[in-house]
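Q: I'd like to go over a predicted model; first the sequence, then the structure.
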Amino acid sequence: MGYTLAPGVSFCRVSDRMMFLDIKADRYFCLSSTAEQSFARLIDGAPTTEEDEIILASLARHGPLTDGSHGGPLVPCLATVATRTAPPGLAIPLRPAQLLLAAGSLALAPLRLRLFGLTGVIRALQARKAQATIPEPHDRELTATAAAFAQLRYVATAHDRCLTRSIALASRLYAQGLSAELVLGVQLRPFAAHAWVQAGDRVLNDRVDVVRDFTPILVV
């Protein structure tokens, strides 16, 4: 039987485990050790046992798999390795309009999450990104928009600041026709999740030394 990732599910290999993200349920999770071994054999193309098939069928009914072709490919999340950080926002002169547009995007991000959930927000971002007219924008354009958000870093958002602020920045970039990527990453022992925006190998709203501690689990 052929399996694909269930819609809205992504995963990554982090430390010695596999971590999953289900954006529909808005949760991160790991499989049991036995189920993880069966899943690993499936994605690695290794022979599966009868017990594996029973476990995989169960994962298709209740977990991260689907037994149809309408899901996602069985590959871990891939992201460009970050090697650069955008310049500090306070060092860049900005027009008042740039700050106002950034502030508006910051105000809307938590509201969109409450109204449409993570799934709805992600789908909307994917649609807007597909319409981006500048797939490889000049550094100056990216830096100016990122700087506007940096200068508003003390503006309150929802409790999950990195996610809402990254959604706001990505949304603003896409509205300008600029292409970038919203990245969600995880780490284990202890578990932590983080979000940032990246353009190629350049982190726009964080530092490289911070995001390198997180393994990307979803790239939008």
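A: Looks like it arrived, so ask away.

Q: and the closest residue to residue 171 other than its chain neighbours, what element?
A: Closest residue to residue 171 apart from its sequence neighbours, by CB to CB, 6 or more residues apart in numbering: residue 105 at 5.5 Å. Every residue, glycine included, has its C-beta placed from N, CA and C. For residue 105, the element it lies in under DSSP states H and E is helix 96-130.

Q: go on, residue 183?
A: strand 181-187.

Q: What residue, apart from its backbone neighbours, is nearest residue 5 spatially?
A: Spatially, and ignoring its direct neighbours in sequence, residue 5 is nearest to residue 72 (3.9 Å; CB to CB, 6+ apart).

Q: Can you give me the distance of that neighbour to residue 176?
A: Separation of residue 72 from residue 176 (CB to CB, to the nearest Å): 29 Å.

Q: Kindly report the same for residue 7.
A: Using CB to CB, we find residue 7 at a distance of 29 Å from residue 176.

Q: Could you do residue 21 as well?
A: Distance from residue 21 to residue 176, by CB to CB: 28 Å.

Q: before we move on, which element is residue 144 in?
A: helix 139-151.

Q: which secondary structure elements does that helix contact?
A: helix 96-130, helix 161-175 (3 or more CB pairs under 8 Å, 6 or more residues apart in numbering; DSSP states H and E).

Q: Compare the ones you listed and give me the one nearest residue 183.
A: Checking the helices and strands packed on helix 139-151 against residue 183 by CB to CB gives helix 161-175 as the closest, at 7.9 Å.
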